[in-house]
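>>> Mind looking at a prediction? Sequence and model below.
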Protein chains: 4
Amino acid sequence: MSVELSPVDRLKQSAAIRNPLVRNLLSEFFGTFMLLFIGLTIVMQFILTHEKLNTWININMGWGFAITFCVMMTSQTSGGHLNPAVSFLMVTLGKLSVPHFFLYSIVQTAGAFIGAFLSYLVYYDQFQKFSGDRRVLVGALGSAGCFCSFPGTHVSNLTAFFDQVAGTGLLCLFLCVIVDKRNKIPDMLHPICFGLLLIMIGCSMGMNLGYPINPARDLGPRLFAYFIYGKEVFTYHNNYFWIPVVAPFFGAVLGGWSYHLFVGIHIEDPDIDEERPVQRMIEDGEKSDRAEHKRLIKGDNH
Amino acid sequence: MSVELSPVDRLKQSAAIRNPLVRNLLSEFFGTFMLLFIGLTIVMQFILTHEKLNTWININMGWGFAITFCVMMTSQTSGGHLNPAVSFLMVTLGKLSVPHFFLYSIVQTAGAFIGAFLSYLVYYDQFQKFSGDRRVLVGALGSAGCFCSFPGTHVSNLTAFFDQVAGTGLLCLFLCVIVDKRNKIPDMLHPICFGLLLIMIGCSMGMNLGYPINPARDLGPRLFAYFIYGKEVFTYHNNYFWIPVVAPFFGAVLGGWSYHLFVGIHIEDPDIDEERPVQRMIEDGEKSDRAEHKRLIKGDNH
Amino acid sequence: MSVELSPVDRLKQSAAIRNPLVRNLLSEFFGTFMLLFIGLTIVMQFILTHEKLNTWININMGWGFAITFCVMMTSQTSGGHLNPAVSFLMVTLGKLSVPHFFLYSIVQTAGAFIGAFLSYLVYYDQFQKFSGDRRVLVGALGSAGCFCSFPGTHVSNLTAFFDQVAGTGLLCLFLCVIVDKRNKIPDMLHPICFGLLLIMIGCSMGMNLGYPINPARDLGPRLFAYFIYGKEVFTYHNNYFWIPVVAPFFGAVLGGWSYHLFVGIHIEDPDIDEERPVQRMIEDGEKSDRAEHKRLIKGDNH
Amino acid sequence: MSVELSPVDRLKQSAAIRNPLVRNLLSEFFGTFMLLFIGLTIVMQFILTHEKLNTWININMGWGFAITFCVMMTSQTSGGHLNPAVSFLMVTLGKLSVPHFFLYSIVQTAGAFIGAFLSYLVYYDQFQKFSGDRRVLVGALGSAGCFCSFPGTHVSNLTAFFDQVAGTGLLCLFLCVIVDKRNKIPDMLHPICFGLLLIMIGCSMGMNLGYPINPARDLGPRLFAYFIYGKEVFTYHNNYFWIPVVAPFFGAVLGGWSYHLFVGIHIEDPDIDEERPVQRMIEDGEKSDRAEHKRLIKGDNH
C-alpha cells in the first residue's frame, strides 16, 4: 500500500530527522546558505554592472524578499533566525539556550560561506568582464564589496560600530513588534512583514556600510573573500572586520528589549477579562509560560 | 515558581504601566521618535549622496514602511497617531479629549526632536563628507532639508499652505477609509495599508515641499536644526516654518470628514437586518456608542 | 441620549442618503474626483521635474495605490468602478442597468474634470516654473501630457486604438479574475490586488500612450485642459482624442469575457457536492442567481 | 426561468468544458499566452525606450505581478504552472502524469508564441521608431532581446547552463515552500507570494541572461522571432538556444527536492497528536494520500 504514498511522503518516511536540534541546525544552515546565495548575487548585479542593472531599490527589494522567503522556508523548523544576532536576542528572551546559540551561529556562518562560493560561481564570468583576471579590493575596479562590507575612508570605525548597533537594533525592535501576539499580526503575514522591514532598513541605514546587520552575513562571505582578495579583507580600514561581527549583538538586545520596555509590556492583555480575579490570571499565565518554557528548552522552536 | 516566567513577562510584572494616559504618551513619544529616526536617515541617504543611493522611490517606500511598522508598534496602546494632525482629527471624531490632544502633540514633537538628534549622530561622518565642517541651509551644499521642509523660491507660502492642506487631507481621508469597519479591511492589514498610502502620497504630493503633512515631523527636527543652522531655519522663505505646523490641522479635518460626508455615512450598515424593528436598532447603536465613548474618554484608545 | 452618539453617527442620522442610485452617483463622482486629483499630481511630479523626482516606477506605484484606496473607499457603495469602461462591462455582466451606466459615466467624467482642476491648483507654481506664463501642448516645454494622453508622432491612431483595447482588456480580464469568487481571493485583498494589477499594466502597456484605459480619466481632464491649451487638445494628432474614449469599451468587454470564456466558466463549482443530484444543483443555482439579479437591478451593487 | 440567470452563468451552462484535461490545456494555453503578452511588452518598454521608461525594477515588478495574476487566473483549473519546468517538477512530485506533462508543455509553448505575436503588434510602431524597417539581432539597434534571451559574448554557455539551473532552482525551491501546507501560507496569498518571489529572482539572477527560467517563455517567442530575425536566433552564441530550454528542467527538480530534503520533510506534522498511536497515523496518512493520488491522476489538479 505504501506505493500510493506521494514521493515526498515516501522520502519523509525514510529520511525525516527526528532530533529537533539536528533538524534545526540543518535548517539554519540551509536557510542562511540560500539567503546569502541570493543576497550576494543581488549585490553583484549592482556592483558588477556599475549600478546600472540593479539600482539601490533593487538591492532593498531583492534582499527584503530574500529574507521573506528564506524565513518562510525555515520558520516551522528552526524559527528562521538566519542571523546570530537574532539568535542571541532569542537567548535573552528565554527562547534559545546558550549552547544552541553557539551551534546556530556556527552553521549560519558556514551556510553564508557556501552561499558566497555558489554566488561567485554563477557570476564568475561577470567578475572576469569587470576586472579581468585581477581581483581588486576597493576603488573603481574593486569588487570585494560583492561579498562583505568595506566602509569608505570618511566613515570612522566608531561610527561603523554605532551604525551596526542602530541597524540591527531597528531589525530586532520591529521583529519583536511583528511576532508579539498582542499586536495581532497573524503568522501568515510575518515573512512578508520581515521583507518590508528589510526594505525600510535598506532605505535608511545603508549609507555608511550597506546594512550588513548580521554577523554571519558579513563574516561568512568575508572568509570566502579571503581566498580571493587575501588578508586585506581583514586588515582593511584598521581591522574593521570585527565591527559587523560584534556590534549587531549589542544592537539586537538593545532594539528587541527597547520595544518591550517602551511599548510591549504595557499592552493590556486582550484575553484577560476584567471581571476575572487577578490571582487566577497570574496562575494561568505562569502555567502557560512554564509549558512554553519547557518546550523551548527542548530546542523545539517552531 | 515565578522563575519559570519568560524574561519579558517578568519585566511586565514589575514594570508595566497601569495608567493608560502615561502608557499612551510613552507610546506616542517612542513611536514618533523611531519614525523620525528612520525617516530622517532615509532623507539623509537621499540628499547626502546627491540623490544617487536613495532615489525618490526609496524615499516613498522607506517612509511608507516606517509608518507601517511604527504604527504597528503603537496601535495597541495609543492608537498609533504619531502625528498631531491625526490626533486632532480624532478629537473631532470624539475619540480623543482635547487635553489629551495637547499632551499627545507635545510628546510627539519631543520624540521627533530626539529622532532628529540620533539620525544626525548616525550620519555625522556623511555630513562632514558632504560639506566639511560647514553646515549650509539650502543650495548645492545645503543639508537642512535633511531635517525639515524648505520650499523652493518659486513656491509661494499660499501654495505651501494649500499643499499641506491637500497632502494631510489625503492622508486623513484614506486613514478614515481604512479604519472604517464598514469597508471590511481587517485590523491586521491596517499598518500595511497605511504604508502603501504614504507611498501614494509621496508619489503625488511631494513636488512642492516633500510631503511633511505632520506638524511634529516638521517642527521637532526644525527645533533640532536650529542648533546646527541657526535661526534661519525659522525665518527662511518669509517665516515659512509655521505653515507645515498649522495647515495640516485644517487638512486633517477636511479630509477625514469629507470621506464620511461623501461616502462613509451612506454605506448601509451590514449588521442591520432588514426585518429588525428600527426602534431597537437605534437603541442598540446608542448603547454600544455609549460604551465606546466611555472607554475612549478614559484615554484607552486601543 | 443622542448626545452620546459619536459625531459621525450623528451626521449619519441626519444626512445619510437613502436612495441607492443617488448615493452611488455621489460615490462614483467623489471617487473619480479623488483618483484624478491624486493621479494627475503624480503625472505632474513626473513631467514638471523633467522626470527627475518621479520616475516611471513612481507613476506605476502611485497610480496603482491611488486605485487601491479610491476603490477601497467606494466599493461598499457604488462598487468602485471609477471608469465608464468598467461600468459598461458590468452592464454586459448583468450587474448594472443601461440607464445607470450613462449616469455613472457622466458623474465619473465630471469628477475627473474637478480632479484636474484641483491638481492644477496644487501645482500651479510648478507649471509657472516649468514654462513661465506660457502653456505649450507638447515638446520640450509641453505640459498638456499632465492632463491627458497625446501620442508621439510615430504612433498611428490605429495602433493607439489597438493599444487602448489591449490595455483596458488586461484591466478588465484580471478584474474579473480577482472578483470571481471561484478564485477565492477574499474581499479584503481586492483593493490591493487592483493596485498591483495597475502597476503591472503600467510596466507593460505604457509605451504608446501612457495607459489611460479609462474614458473618464482621459476625457474629463482633456475638457479641463481645453481651457488652458485651447482646442488643439482635441484636434491634435488627427483628432486622436476620441480613441481613449471609445476604444476602452471594446477592450473592457473583450477582456472581461475572455476570462470567463477561456477559464472562468470551466472552473468546477467548489460548493457542489459530487453526491448531490444534478437536478437540484441547477435549481439552487437558479434561485440564488435570481435573488442576486433582483438585488442588482435595484441598483444596490455592494 | 433561465432568463434570470446571469449572462456568465448562461454561458457556463452552454459552454463549460467537462473534460478536465481539455479544460486544463485550454487554461495553460491561455495563461501562458497572457503571461508572455504582458511579459514581452514589459521587456519591449525597457529595450525600445533605451531603458529610459522602464528601468530594471519595472521589469522585476511587472513580470512579478504578471505571474501573480496569470497564476491567480489559472490556479483553480490547471494549477497555474505556465512553465514546462514547473510541470516537470509536478511529475516528479506525483501530481501530474508524464503524458499530461508533454501536452502541458506543448500548449504552454504555443501560448507563448501567440503572446509574442500580439505583443509585437501592440508595439510595432515602436519597433519602427527604434530601428526603422530593419530588425537587428543584438547590439546598439538590436531588438531580438525583446523576445528571448541572447547572452553577451563574455558569458560562456557553461555558465549559461548553470545560471538557468540556479534561477529555475530558486523558483521551484520557494514554490514548494509557498505551497507546502506545513508552512501555513493560505491559498489566497500564493499568487502574491509568487509575484514577490519573481521580483527577488529578477534582482539576483538577471545579470547573465535576464532570468528566462521557463522553457516555454524562451522557446515560444524565439520561434516567433525566427520569422523576424531569421535563423540566427537559433545559431547565435554557438547554438545557445537549447540551454534555456533544457537547463530549467534540471533546476526545477534540484530546487524543488532540495527544499523537501533539507527542510520540508523534517517539519513535524501539526495535525499529528503526540498521544495518538503511531500505527494509526501511518494508516491515515496513506489513506488520504491514496485519495489525493487518485484525484491527481485523473488530471484534476486544483
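Alright, I've got the coordinates.
>>> okay, now the domains of chain A?
For chain A, the structural domains run A:17-267, A:269-302, going by automatic domain parsing.
>>> Of these, give the one that comes closest to B:Val8.
With distances scored as CB to CB, the stretch of these nearest to B:Val8 is domain A:17-267 (5.2 Å). To be clear about C-beta, it is placed using only N, CA and C from the backbone, and glycine gets the same treatment.
>>> what's the first-to-last distance across that closest one?
Start and end residues of domain A:17-267 are separated by 39 Å (CA to CA, to the nearest Å).
>>> same question for it, mean pLDDT?
Here domain A:17-267 scores 96 as its mean pLDDT.
>>> Which strand or helix spans A:Ser149?
Taking DSSP states H and E as the definition, A:Ser149 sits outside all helices and strands.
>>> Now do the contacts for the residue of the stretch 1-150 of chain A found nearest chain D.
Relative to chain D, the nearest point of the stretch 1-150 of chain A is A:Gly62 (2.9 Å; CB to the nearest CB). If a contact means CB atoms under 8 Å, 6 or more residues apart in numbering or on different chains, then A:Gly62 has A:38-39, A:42, A:54, D:199-200, D:202-204 as its contacts.
>>> likewise A:Gly210?
Going by CB under 8 Å, 6+ apart, the list of residues near A:Gly210 reads A:145, A:149.
>>> And for the closest residue to chain C within the stretch 201-302 of chain A, nearest residue in space, chain neighbours not counted?
Checking the stretch 201-302 of chain A residue by residue against chain C with CB to the nearest CB singles out A:Cys203 as nearest, at 14.0 Å. Nearest non-adjacent residue to A:Cys203, counting by CB to CB, 6 or more residues apart in numbering or on different chains: B:Gly62, 2.9 Å away.
>>> Now the one you found: phi and psi?
phi -60, psi -50 (degrees, to the nearest 10).
>>> Tell me the buried residues in stretch A:99-108?
Of the residues in stretch A:99-108, A:100-101, A:103-105, A:107-108 count as buried by neighbour count, 16 or more other CB atoms under 10 Å in any protein chain shown.
>>> Without its sequence neighbours, what residue ends up closest to the residue nearest to the spatial centre of chain A?
By CA atoms, centre = their mean, chain A has its centre lying nearest to A:Asn83, at 3.5 Å. Among residues not flanking A:Asn83 along the chain, A:Asn214 sits closest, at 4.3 Å (CB to CB, 6+ apart).
>>> which ones are touching the one you found?
So A:Asn214 contacts A:82-86, A:168, A:244, A:248 (CB under 8 Å, 6+ apart).
>>> picking up where we left off before, distance of the residue of the stretch 1-150 of chain A closest to chain D relative to chain B?
Counting by CB to the nearest CB, to the nearest Å, the gap from A:Gly62 to chain B is 13 Å.
>>> How about the strand or helix carrying A:Gln45 and chain D, any contact?
According to DSSP H and E, A:Gln45 maps onto helix A:20-47. Yes. Using CB under 8 Å from any CB of the partner chain, helix A:20-47 comes into contact with chain D via A:23, A:26-27, A:30-31, A:34, A:38-39, A:41-42, A:44-45.
>>> So which residues of the stretch 1-150 of chain A form helices?
A:7-15, A:20-47, A:56-74, A:84-92, A:98-122, A:124-131 (DSSP state H, counting those that start in this stretch).
>>> hmm, the fifth one in reach of chain D?
Yes. Counting by CB under 8 Å from any CB, chain D is contacted by helix A:98-122 at A:118, A:121-122.
>>> That helix vs helix A:84-92, what angle?
In terms of direction (axes from the mean of the first three to the mean of the last three CA atoms, to 10 degrees), helix A:98-122 departs from helix A:84-92 by 160 degrees.
>>> helices and strands around helix A:98-122, which ones?
Where contact means 3 or more CB pairs under 8 Å, 6 or more residues apart in numbering or on different chains; DSSP states H and E, helix A:98-122 is packed against helix A:20-47, helix A:84-92, helix A:215-229, helix D:157-179.
>>> Pull the residues that contact the shortest one.
Taking contacts as CB under 8 Å, 6+ apart, the residues outside helix A:84-92 that touch it are A:79, A:81, A:96-98, A:100-101, A:104-105, A:108-109, A:168, A:171-172, A:175-176, A:213-216, A:248-249, A:251-253, A:256-257, A:301, B:7.
>>> Chain B versus A:Gln45, what's the distance?
16 Å.
>>> show me what contacts that residue?
A:53-54, A:58, A:123, D:203-204, D:206-207.
>>> who's in contact with stretch A:254-274?
So stretch A:254-274 is in contact with A:89, A:92-93, A:165, A:168-177, A:180, A:182-183, A:281, B:8, B:11-12, B:15-17, B:23, B:26-27, B:30-31, B:73-74, B:76-77, B:302, going by CB under 8 Å, 6+ apart.
>>> how about a cut-off of 7 Å?
With contact meaning CB atoms under 7 Å, 6 or more residues apart in numbering or on different chains, stretch A:254-274 is reached by A:89, A:165, A:168-173, A:175-177, A:180, A:182, A:281, B:8, B:11-12, B:15-17, B:23, B:26-27, B:30, B:73-74, B:76-77.
>>> re earlier: highest mean neighbour count out of the helices of the stretch 1-150 of chain A?
helix A:56-74 (a mean of 27; mean count of other CB atoms under 10 Å in any protein chain shown).
>>> and A:Phe136, how far is that from B:Thr109?
No Phe there; residue A:136 is Val. Remark: distance between A:Val136 and B:Thr109 (CB to CB, to the nearest Å) = 49 Å.
>>> scratch that, A:Leu141
Distance from A:Leu141 to B:Thr109, by CB to CB: 49 Å.
>>> sorry, back to before: ok, now which ones touch the residue nearest to the centre of chain A?
A:108, A:214, A:216-217.
>>> With A:Ser75 instead?
A:Pro191 are the contacts of A:Ser75 under CB under 7 Å, 6+ apart.
>>> Got the phi and psi for it?
Main-chain dihedrals, A:Ser75, degrees, to the nearest 10: phi -70, psi -30.
>>> quick one: stretch A:126-133 to chain centroid distance?
30 Å (CA atoms, centre = their mean, to the nearest Å).
>>> since we're on the residue lying closest to A:Gln13 once chain neighbours are set aside, how many residues are nearby?
The spatially closest residue to A:Gln13, leaving aside those adjacent along the chain, is A:Leu5, at 7.2 Å (CB to CB, 6+ apart). A:Leu5 has 19 neighbouring residues, counting by other CB atoms under 10 Å in any protein chain shown.
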